[in-house]
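Participant: structure, please.
(chains A and B)
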Amino acid sequence: MVRPLSLTAMIAMMLPLVLLPLASIFIFGTSKGLGSFWAALTAPEAIFALKLSMVTSFWATCFNVLFGLFAAYVLSRYMFWGRTALIVTISLPTAIPTAVAGFSLLLLWGPYGVLGQWLAPYGVQLMFTPYAIVIANIFVTFPLAFGVMMSVFETMNRSLEEASATIGATRWQTFWHVTLPSLRGAIVTGALLTFARAVGEFGSTILVSGNLAFHTQTAPLYIFAKFNEGQVEAANAVAIVLALFSFFIFSILFFTRDWLDTE
Amino acid sequence: MQSEDFTSIFGLEEKLATPEPDEQTRKEFAAGVRGVSKSFSGTRVLEDIDFDVAEGESLVLLGASGSGKTTILRIIAGLEEPDTGRVILHGKDVTEMPARERGVGVIFQSYALFPRMNVEQNISYGLRIRRRPRSEIRETVDHLISLVRLEEHRKKYPSQLSGGQQQRVAIARTLAYKPQVLLFDEPFGALDAQTRVRLRREIHSLLKQVKVPAIFITHDQEEALELGDRIAVVNAGRIEQIGTPDQVYNRPETEYVATFLGAANLLLGVVNGELVEIGTAQIPASAELERLRDGQAIKLVFRPEDVHLSKTGTLPPNCRRLTNGIIEEINFVGAYERVMLRLDLVARQPTEGAPPLYNVTLNSLDRRTGIPIIVTRPKTEAATTCLRVGDRVAVGLMAFRVLPNYALASERAGRIIDVHK
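Facilitator: This is a model prediction of the structure:
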C-alpha cells in the first residue's frame, strides 16, 4: 500500500518527538528483566514517594473541586466591580513558571517569609513539609479545575434555575437537584486534570518541599534524585509507573469525553 | 381527558393566608398588576401597566417583540422587580415576595425541563421539594401524566420528547403544586403550525377544566384571539387596549390595535355633523362618532372583510357607501379572494396646520393615483359576482371605526381614548 507523503512526514515527526522518548522508558526499564524492575519499584523509598504523590494530589484535588465549584458558582452568578480582575487573578498561576510559583510560596511561608516569620516563633513551619506540597499543588492546579467548571456554569441555561425557583425550591435545593447534576461532567474532568497534573508536578514541589527522602519526596522528585545519584534503574521504575498512570488518566478523559460533555 | 378526577386534585382548600385589609374590595380577581413601571439601563421598558385576571380566566398579552410583555410576566412571577407598582395574587400583595414563595406556575419558552430528570421526576419535583408524602406524590403524578396523556413516556428524558410533549410535561410540572396563576411565555413559538393549533385547543380546554387563571404572552394575533378570554394589546411598554377578542378586533381603540390584530385599511378625514368626510367622499357614521367633536381630524379604520364591492352600484341595506374605485389586482388565496383597488381619492399635501385630506381623482387603467385599499371577498361571493381587473365598483363599508387623529399620534402609533370603558 502506498502511503501519502503527508502521512509519512507526520509519523516521521511524531516519532522522535513523542513516541520514541516514551518507548525508551519502557525499553530501558525492562532491559535487565522484570525481576530487576520489580526490585527497584518495591524499594521503600520508591513506595513512599509514590504514596506521597498520590496522597498530596488527592487532597489538592478535593480542595480544587470544592472551592473551584464555589468560586465558579459565585463568579458566574454575581456581577460586581473587579469581577473580571478576580477571575484573571485566579487563573494566573498556570501562566507562571512552576519554579517561580514554588519560589514565591517560599518567600511567603518560609521561615523568613512575609507571613512565615510571624508563624516561626510558634514553631509552625509550613515549608519543607507535605503540607507545602499540597499548597504548591493547589496553587498551580486550581485554575485548571476552576476553568473547567466556570465554562460549564457560564453556558448553563439560566432558565432552569429560574424554573426551579418559581416551582418553589430554595437556592440550596436548586443547586443540589438542578445545577449540580449538570456539572458532574465538569467535576470529574476538573478532578482528573488536577490529579494528573499534581502527581506530575515538579518545579514548584522541588522548591517548597526540600526534597527530603521519606518525608517530602514525591515521585517526580524521586526520579530526579535517583538519576542524579546515578541509580538509573530506580529512577526508571518509578518513571514507568508515572507514565502508565498518566496514560490511564488521559484515556479515561478521552474515552468518556462524550459523557463528560453532555449538558 | 378525565375531568371527573381533576377537582379531587385541586379541591376547595384555602389557597392563602388572610389577605391584606386594604385589598378586600379587590378580592374578586385572581391576579392583578397595578401601576407597574420598569426601566433597564435607563431605557423605559414598561410604563404604568395595570390589569386584572379573573378566576379561571385566560388573559393574553399581545404585542410585538420588545414591547415589554415578557417583562410583565417576569415581574408577576417574581423573576424581576418592578421600579414602581404592585403585584397582587388572590388579594395578597406579593411585590416584595421572592419568586419561590409566590406559588406561580411559569411555562418558559424553552420549557426549561430538567435534563437529568425523566418525565415523572420533572413533574414530581415541586412536590418532592415540599417534602410531600410519597403516596401523595405518586397519586398526583399519576393523575397528571394521564391528564396530559404521556403514560407511555413517563420514564423518558426531555431530550427524547417532541416539543409538544415537552410542553405538556412543563404544564403538568406546574399543576402539581397547585399554582395561583399560570404564566405562559410564548408557549407555541418553537412548534410547527399544525402542532401549534392542536396544542392551543388542548391547552384551552385543559385550562377550562382546571379553572386556574392563566396569562399568555404571544405576538401571534390568531393565537391571541383563540386563546384569550380577554386580550391586552401591549405596545412599547404600554397597554393600548384590553378587551374581549370581539371588542379588540371589531372595535379597536387605537390605530396600533387595529393594525396589529389583522389587516386594516386607514383613511384620513374630518368629522362633519353626522358624517365623516374623506375628501369629497362622505359616509354616514352617527354611531361611530359618539365621542368625537365636529370638525375633529379623524382616522377611518376598516377591515378588508367588512368591505362590499358592487358593479351595479346597489349595496346591501346595512352597508354604507364610501366612494367608487377601480380594481387593480385580484389574488386567489384559497378560502377567499384578495382584491386590491384604488379609491377615487388621492392624498393631498397637507398645508400648515390643516389636517391632511384627500382630493377627488378619477382612476383609470392608465392613471392609477388613488388611495389603495385591500378588500377580501369570501369564496361564495367571488363565485356569484365575478370581478375583473379594471372594473369600476362602488365601495361600501359594513363596519368601521373612527379614531381621533392627534398630531403626534402617527409617531406614537395611537393614544388611548378612554381606558375606563
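Participant: count of neighbours near B:Gln247?
Facilitator: Residue neighbour count, defined by other Cβ atoms under 10 Å in any protein chain shown, stands at 16 for B:Gln247. Placement of C-beta: from N, CA and C, glycine included.
Participant: excluding chain neighbours, what is closest to it?
Facilitator: Of all residues beyond its chain neighbours, the one nearest B:Gln247 is B:Gln241 (7.9 Å), with distances taken as Cβ to Cβ, 6 or more residues apart in numbering or on different chains.
Participant: the one you found belongs to a helix, doesn't it?
Facilitator: No. Under the criterion used here (DSSP: H, G, I helix; E, B strand; the rest coil), B:Gln241 is strand, not part of a helix.
Participant: contacts only, for it.
Facilitator: Neighbour list for B:Gln241: B:232-233, B:247-248, B:252-254, B:257, B:416 [criterion: Cβ atoms under 8 Å, 6 or more residues apart in numbering or on different chains].
Participant: run the last query once more with 6 Å
Facilitator: B:233, B:248, B:253, B:257 (Cβ atoms under 6 Å, 6 or more residues apart in numbering or on different chains).
Participant: what's the closest of these to chain A?
Facilitator: B:Val233 (25.9 Å; Cβ to the nearest Cβ).
Participant: pretty sure the closest one is touching B:Val257, no?
Facilitator: Yes. With contact defined as Cβ atoms under 6 Å, B:Val233 reaches B:Val257; the gap is 4.8 Å.
Participant: tell me, what's touching these two both at once?
Facilitator: Between them, B:Val233 and B:Val257 have B:240-241 as joint contacts when contacts are counted by Cβ under 6 Å, 6+ apart.
Participant: break chain B down into its structural domains.
Facilitator: Here the domain assignment for chain B is B:6-250, B:255-412, based on automatic domain parsing.
Participant: burial count for B:Phe260?
Facilitator: Here the count is done by other Cβ under 10 Å, and B:Phe260 has 24 residues near it.
Participant: can you say which of the domains of chain B is packed in most?
Facilitator: Across the domains of chain B, averaging neighbours per residue (mean count of other Cβ atoms under 10 Å in any protein chain shown) puts domain B:6-250 on top, at a mean of 18.
Participant: ranges for the helices of the stretch 51-200 of chain B?
Facilitator: Secondary structure of the stretch 51-200 of chain B (DSSP state H, counting those that start in this stretch): helices located at B:69-77, B:99-102, B:119-129, B:134-147, B:163-175, B:193-210.
Participant: how much space between A:Ala136 and A:Ala60?
Facilitator: Between A:Ala136 and A:Ala60 the distance, using Cβ to Cβ, to the nearest Å, works out to 9 Å.
Participant: using JSON lines, lay out the domains of chain B together with distance to A:Ala198.
Facilitator: As requested, the domains of chain B are arranged in JSON lines below (distance: least, Cβ to Cβ, whole Å):
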{"stretch": "domain B:6-250", "distance to A:Ala198": "29"}
{"stretch": "domain B:255-412", "distance to A:Ala198": "62"}
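Participant: for chain B, what are the low-confidence residue spans?
Facilitator: B:1-27, B:346-369, B:407-421 (pLDDT under 70).
Participant: mind listing what's buried along whichever strand or helix holds A:Trp118?
Facilitator: Taking DSSP states H and E as the criterion, A:Trp118 maps to helix A:116-119. Of the residues in helix A:116-119, those buried under the neighbour-count criterion (16 or more other Cβ atoms under 10 Å in any protein chain shown) are A:Gly116.
Participant: can you list contacts of it?
Facilitator: Contacts made with helix A:116-119 from outside it, assessed by Cβ under 6 Å, 6+ apart, are listed as A:109-110.
Participant: would you tell me what the next helix or strand after that helix is?
Facilitator: Using DSSP H and E, the next helix or strand after helix A:116-119 towards the C-terminus is helix A:130-155.
Participant: which helices and strands does that next one pack with?
Facilitator: The contact analysis (3 or more Cβ pairs under 6 Å, 6 or more residues apart in numbering or on different chains; DSSP states H and E) places helix A:130-155 against helix A:44-77, helix A:98-109, helix A:180-200, helix A:203-209.
Participant: swap the cut-off to 8 Å and go again
Facilitator: Helices and strands touching helix A:130-155, by 3 or more Cβ pairs under 8 Å, 6 or more residues apart in numbering or on different chains; DSSP states H and E, are helix A:44-77, helix A:83-91, helix A:98-109, helix A:180-200, helix A:203-209.
Participant: out of these, flag the one nearest B:Gly105.
Facilitator: Taking Cβ to Cβ as the criterion, B:Gly105 comes closest to helix A:180-200 out of the helices and strands packed on helix A:130-155, the separation being 22.5 Å.
Participant: what about B:Gly396, is that helix, strand or coil?
Facilitator: Following three-state DSSP, we place B:Gly396 in the strand state.
Participant: repeat for B:Thr259
Facilitator: Reducing the assignment to helix, strand or coil with three-state DSSP, the entry for B:Thr259 is helix.
Participant: sorry, back to before: next, format the contacts of B:Gln241 as TSV and append secondary structure and distance to B:Gln180.
Facilitator: Shown next, in TSV, are the contacts of B:Gln241 (DSSP: H, G, I helix; E, B strand; the rest coil; distance: Cβ to Cβ, whole Å):
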residue	secondary structure	distance to B:Gln180
B:Val233	strand	25
B:Val248	helix	26
B:Glu253	coil	30
B:Val257	helix	29
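Participant: need those residues in JSON lines with distance to chain A, can you?
Facilitator: Written out in JSON lines, the entries for the contacts of B:Gln241 read as follows (distance: Cβ to the nearest Cβ, whole Å):
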{"residue": "B:Val233", "distance to chain A": "26"}
{"residue": "B:Val248", "distance to chain A": "29"}
{"residue": "B:Glu253", "distance to chain A": "34"}
{"residue": "B:Val257", "distance to chain A": "31"}
